[in-house]
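Undergrad: Sequence and predicted structure are below.
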Amino acid sequence: MKLWDVGAGQDLTTLKGHGSNVQSLTFSPDGKRLASGSQDRTVKIWDVATGRELTTFSGHGDSIFSVAFSPDGKRLASGSGDHTAKLWDVFTDQENSILRGHGDNVLSVAFSPDGKNLASGSYDRTVKLWDVGAGQELATLKGHTDKVFSVTFSPDGKRLASGGLD
């Protein structure tokens with residue numbers, strides 16, 4: 001992974017620590033941490049200022065395709081080829097919930113602006129909505145005819161967009 005100074009167009013630092021391809025990155029809301037998800041089945045959190053690895057989350061059974069910080073920066077979500085999404089507590093380094101229900105790879109995860117819900121998109125052509133606090137599925141949105149690669153909430157949280165191979 002590389003951190004860049006956008007204004008100067010310069011490479012600031014290279015972060016090394018994953019044993020395989022990095023497939024997703026996300027900054028924490030305060031910009032002080034960076035999370036990375038890899039084919040090595042781990043999620044890592046890095047200190048942006050020092051480039052130091054802060055923690056590693058293990059527990060997925062396959063590649064990590066997507067990572068997302070909650071709006072308050074206290075939780076991290078990850079979507080994996082093991083057909084699950086997971087919620088992690090960033091400050092205790094603990095797994096909070098395993099979100100099971102997709103029939104195939106989870107390719108994208110996104111928190112609602114209030115942090116109460118998570119959306120996940122999958123190879124199984126569905127989008128699922130989850131209650132973050134309870135770790136429970138709220139709804140399955142069907143309508144895609146092919147894999148769902150991306151999900152995102154509108155800034156007011158009233159709409160959800162999904163994009164896929166269809």
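TA: Done, it's in.
Undergrad: Tell me who's in contact with residue 32.
TA: 47-49 (Cβ atoms under 8 Å, 6 or more residues apart in numbering). Where you see a C-beta, it was placed from the backbone N, CA and C, and this is true even at glycine.
Undergrad: now swap in residue 17 and tell me
TA: Per Cβ under 8 Å, 6+ apart, neighbours of residue 17: 44, 53, 56.
Undergrad: Strands - which of these land there?
TA: 44, 53, 56 (DSSP state E).
Undergrad: Show me which of these are buried.
TA: residue 44 (16 or more other Cβ atoms under 10 Å).
Undergrad: out of the ones in strands among the contacts of residue 17, who's nearest residue 126?
TA: Nearest to residue 126 among the ones in strands among the contacts of residue 17: residue 44, at 28.4 Å, using Cβ to Cβ.
Undergrad: I'd guessed the closest one sits against residue 56; true?
TA: Yes. Counting by Cβ atoms under 8 Å, residue 44 touches residue 56, with 5.1 Å between them.
Undergrad: Read off the pLDDT value for the residue nearest to the spatial centre of the chain.
TA: In the chain, the centroid-proximal residue (Cα atoms, centre = their mean) is residue 67; its distance is 1.7 Å. Looking at residue 67, its pLDDT reads 98.
Undergrad: go on, residue 87?
TA: 98.
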